[in-house]
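Build me a model from this:
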Amino acid sequence: MPDLAQRLTRLRQAWQGRAQFTLLMSRFGDGQDFEALRALWREDPLRPAKLCVFSAAQNALPPPWPAPTRNFHLLDFESGQLRLLLSQGHAPPWRLPRQLQSDLLWIDGRDMPYPAACARLSAPEACLVLAHASAAQTEALRRSGFVADAQADEWRYRPHPRQRRQLQAVVTAPAKGKAIVIGAGIAGACAAAALARKGWQCTVLDASGQPAAGASGNPAALFHGTVHAGDGPHARFTRAGALHAQRVFSALMARGVPGTAQGLVRAGTAAHHTALPAAWVEHWGGETLNKRGSGLRPAFTDSAWFFPGGGWVDAAAAVRALLDTQGVQFQGQSTAASLCRAGETWHVLDAAGRSLAHADVVVLALADTGGSAVSDTPDASALLNSAGAINWPPARSRGQVTTLQPAGDPLPWPVAGGGYAVSLGAGSLLCGATSQVGDTDWAVRESDHAFNLQRLQAQTGIVPQAGTEVHGRVGWRERAPDGLPVVGAAMAWPLESTAESPRRAHIARVPGLFVLGALAGRGFTWGPLAGEVLASLIAGDPVPLEGDLLDALDPARFWLRGLRATSEPPSSA
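As a prediction, the model looks like this:
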């Protein structure tokens, strides 16, 4: 492979006159090559406005690079104009993001993904600079549509027409356009902000006059990871989400949003998976807790997990800050009742059939009410049905939080596990939350306050003095049957597949209609990354998530499981 100076010269030539450019680097090294690339981008007056780089780190990187956890790390530089998608903890051939269409690939043959994968990762006429390739690899490249260029180490991707059609099918919406996001909680705010950063104009509709009127308006929201023995999809997505949430909320805190990202303690035992770097999570036994865990007894006396990057953020203030992103417009007092598509344009209608807004794309980022009259908010199932789409199987639960001003020192960190508690400043403390599935009562209940205070004592030993004034707030959360969020293109009805082994590609989708929901009680941990994933799917950009995790979030997953288990499509009920 040419030396770095030669590669950078070729890169400068390749990206000139391009509005967007995508580069794949198979080896990240110690990060110095990326820093040189970043300096080149800053200095070049003919640079692309948007540059996306995907790379894989084979070794642990020193701070301030992320800890070597097994996931993609989404890192934005230069006010978001330069994006790095860094794969860590994946052995070659590394996991690859969906919709990655590279214009230039720097690949070392010793860790090259399969040649067919190189084709999938390349835009037509992409340049592949290859080193240390075997004869078998070069022959496979030729069969996959690559042609040797004049430079001995360069190849051009020139796919035949069938491959071009498959490539075009990846993109599900215009690269830029107008979008309507229904729901102004954390899900809607994250989706709208992510789309706006990609150049989309977003109108966010909400039935309330103010953002974060539901559960996203609590005085504080926690963000943190989790540790599971098998490190399955839930743990992996939560880890990736928490790492990204820390970056997003730290930036908001620097702009004045109240909160802290200085650590969080969660109950747990060492029996769980522990092969994770200390920069991400530490296991604290009883001795460590005695030294460091003041204010965390009695529930945390024996064992806990400490997440150094976890923390809390003022929930409503964070939502408002995200909606303040350039290109996002909030439109309150707008209750969506149905959706209608005329040509390529979606219209959101109110109960009287009047158009509230129109756009190329609609994102549903609101909970399903299950037909109950708990509020005047729109119902996700009704909106999907009006568009010829099908909903996932939702479960909705009521939650009540409690705020008080107990005597004594504030908690050193937020605590979680069997409930949560966080000191908010000025002597105030938030604890909760209850969870009652199917409960539609809006009233704040004394019995729920008693439950929250009892758990607060069990977690921290804090016992409020007699006569301490308490306040509460009620909200609803939606949960999918498998506990993961729902992110992706809406499914078209009727649902059917003639394939013997149906896959995502066999499920019909409603053009331009997407969903982001079922964030359960982890909206502020999952929301920022889920918003980026959805915006990337819509814009046809590289998705900052491994393919198997993207499948695990897809709205079609529940019906795919049903289709694989039976020849009859499952009911929409």
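
only C-alpha atoms for contact and neighbour calcs from this point on.
Fine.

Residue 541 - that's part of a helix, no?
No: looking at residue 541 with DSSP: H, G, I helix; E, B strand; the rest coil, it is coil, so not inside a helix.

Tell me who's in contact with it.
99, 100, 101 (C-alpha atoms under 8 Å, 6 or more residues apart in numbering).

same check, this time on residue 194
Per C-alpha under 8 Å, 6+ apart, neighbours of residue 194: 531, 532, 535.

quick one: what helix or strand has it in it?
helix 186-197 (DSSP states H and E).

what ranges do the strands span in the stretch 301-450 of the chain?
303-307, 311-313, 328-331, 338-342, 345-349, 355-359, 361-364, 389-390, 395-404, 415-416, 420-425, 428-432, 436-437 (DSSP state E, counting those that start in this stretch).

Tell me which of these sits most buried.
strand 311-313 (a mean of 27; mean count of other C-alpha atoms under 10 Å).

Give me the helices and strands touching that one, please.
When contacts are defined as 3 or more C-alpha pairs under 8 Å, 6 or more residues apart in numbering; DSSP states H and E, strand 311-313 sits against strand 221-223, helix 233-254, strand 259-260.

would TSV of these with distance to residue 382 and mean pLDDT be doable?
Formatted as TSV, those follow (distance: least, C-alpha to C-alpha, whole Å; pLDDT from 0 to 100):
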stretch	distance to residue 382	mean pLDDT
strand 221-223	29	97
helix 233-254	29	96
strand 259-260	36	96
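
about what we covered before: now whichever helix or strand comes after the helix holding residue 194 against strand 355-359, angle please.
Heading C-terminal from helix 186-197, the first helix or strand you meet, by DSSP H and E, is strand 201-205. Here strand 201-205 runs at an angle of 150 degrees relative to strand 355-359 (axes from the mean of the first three to the mean of the last three C-alpha atoms, to 10 degrees).

Give the pairing partners of strand 201-205; include direction for each.
For strand 201-205, the paired strands and their directions (DSSP bridges) read strand 178-182 (parallel), strand 328-331 (parallel).

For residue 475, pull up the helix or strand it's in.
Going by DSSP H and E, residue 475 is part of strand 470-479.

Paired strands for that strand, with orientation please.
Strand pairing (DSSP bridges) places strand 470-479 next to strand 395-404 (antiparallel).

tell me the angle the partner strand makes with strand 428-432.
Here the directions of strand 395-404 and strand 428-432 differ by 150 degrees (the same axes, to 10 degrees).

hmm, back to that, between the helices and strands packed on strand 311-313, which one is nearest to residue 180?
helix 233-254 (22.5 Å; C-alpha to C-alpha).

helices and strands around that closest one, which ones?
Partner elements for helix 233-254 (3+ C-alpha pairs under 8 Å, 6+ apart): strand 71-77, strand 221-223, strand 259-260, strand 311-313, helix 315-323, helix 523-539, helix 547-553.

same thing but at 7 Å, please
Judged by 3 or more C-alpha pairs under 7 Å, 6 or more residues apart in numbering; DSSP states H and E, helix 233-254 is in contact with helix 523-539.

and the helix it packs on, average pLDDT?
For helix 523-539, the mean per-residue pLDDT is 97.

try stretch 336-348
95.

show me what contacts the closest residue to residue 325 other than its chain neighbours?
Excluding its sequence neighbours, the residue lying closest to residue 325 (C-alpha to C-alpha, 6 or more residues apart in numbering) is residue 193, at 5.8 Å. Neighbouring residues of residue 193 by C-alpha atoms under 7 Å, 6 or more residues apart in numbering: 322, 323, 325, 328.

The second one contacts residue 187, doesn't it?
No: with contact defined as C-alpha atoms under 7 Å, residue 323 does not reach residue 187; the gap is 11.0 Å.

Out of those two, name the residue with the larger neighbour count.
residue 187 (30 against 27; other C-alpha atoms under 10 Å).

What backbone torsions are found at the nearest residue to residue 33 once chain neighbours are set aside?
Sequence neighbours aside, residue 4 is the residue nearest to residue 33 in space, at 7.2 Å (criterion: C-alpha to C-alpha, 6+ apart). Taking degrees, to the nearest 10, you get phi -60, psi -40 for the backbone angles of residue 4.

Now do residue 4 against residue 34, distance only.
According to C-alpha to C-alpha, to the nearest Å, residue 4 stands 10 Å off from residue 34.

More neighbours: those two, which one.
residue 34 (16 against 12).

And for the nearest residue to residue 533 once chain neighbours are set aside, the neighbour number?
Excluding the flanking residues, the one nearest residue 533 by C-alpha to C-alpha, 6+ apart is residue 543, at 5.6 Å. Applying other C-alpha under 10 Å, we find 24 residues neighbouring residue 543.

same deal with residue 157?
23.

Surely it touches residue 120?
No: contact criterion C-alpha under 7 Å: residue 157 and residue 120 do not qualify, at 10.1 Å.

Now do the phi/psi pair for the closest residue to residue 351 other than its chain neighbours.
Leaving aside its chain neighbours, residue 351 sits nearest to residue 337 (5.2 Å; criterion: C-alpha to C-alpha, 6+ apart). Dihedral angles of residue 337 (phi, psi; degrees, to the nearest 10) stand at phi -110, psi -30.

Pull the number of nearby residues for residue 337.
20.

check contacts around it.
Contacts of residue 337 by C-alpha under 7 Å, 6+ apart are 349, 350, 351, 378, 383.

List of residues touching stretch 4-24?
With C-alpha under 7 Å, 6+ apart, stretch 4-24 has contacts from 37, 46-55, 102-106.

In that stretch, which residues are buried?
By 16 or more other C-alpha atoms under 10 Å, the buried positions in stretch 4-24 come out as 8, 11, 12, 14, 15, 21, 22, 23, 24.

if we can go back for a sec, distance check, the residue nearest to residue 351 against residue 187.
From residue 337 to residue 187 the distance is 19 Å (C-alpha to C-alpha).

cool, residue 364 as well?
9 Å.

does residue 141 sit in a helix or strand, and which one?
Going by DSSP H and E, residue 141 is in helix 135-143.

Can you identify the element that follows that helix toward the C-terminus?
strand 146-148.

what about residue 533, neighbour count?
That count, for residue 533 with other C-alpha under 10 Å as the rule, works out to 22.

That one reaches residue 542, doesn't it?
No: at 8.8 Å, residue 533 does not count as touching residue 542 under the criterion of C-alpha under 7 Å.

got the phi/psi numbers for the residue nearest to residue 533?
Torsion angles, degrees, to the nearest 10, at residue 543: phi -90, psi 120.

Now do the contacts for it.
Counting by C-alpha under 7 Å, 6+ apart, residue 543 has contacts 97, 98, 99, 533, 536, 537.

I'd like to know how far the residue nearest to residue 351 sits from residue 196.
Distance from residue 337 to residue 196, by C-alpha to C-alpha: 25 Å.

re the thing from before, just how off-centre is the helix holding residue 141 within its chain?
Centroid separation for helix 135-143 versus its chain: 36 Å, with C-alpha atoms, centre = their mean, to the nearest Å.

And the average pLDDT for it is what?
In the prediction, helix 135-143 has an average pLDDT of 86.

What's opposite residue 97 in the beta bridge?
Residues in beta-bridge contact with residue 97 (DSSP bridges): residue 546.

Begin at 758, not 1, for the rest of this chat.
All right, first residue 758 from here; so that's residue 854.

That one against residue 1297, yeah?
No: Residue 854 lies out of contact with residue 1297 (C-alpha under 7 Å); the separation is 11.7 Å.

neighbours around residue 836, how many?
8.

Tell me where the stretch 1158-1307 of the chain is predicted with low confidence.
1251-1262 (pLDDT under 70).

Go again with 80.
Counting by pLDDT under 80, the ranges of the stretch 1158-1307 of the chain that qualify are 1250-1263.

Same check on the stretch 908-1057 of the chain?
In the stretch 908-1057 of the chain, residues with pLDDT under 80: 908-909, 917-933, 986, 1025-1032, 1042-1057.

cutoff 90 now
Where the stretch 908-1057 of the chain drops to pLDDT under 90, the residues are 908-911, 916-933, 971-972, 984-988, 1024-1036, 1040-1057.
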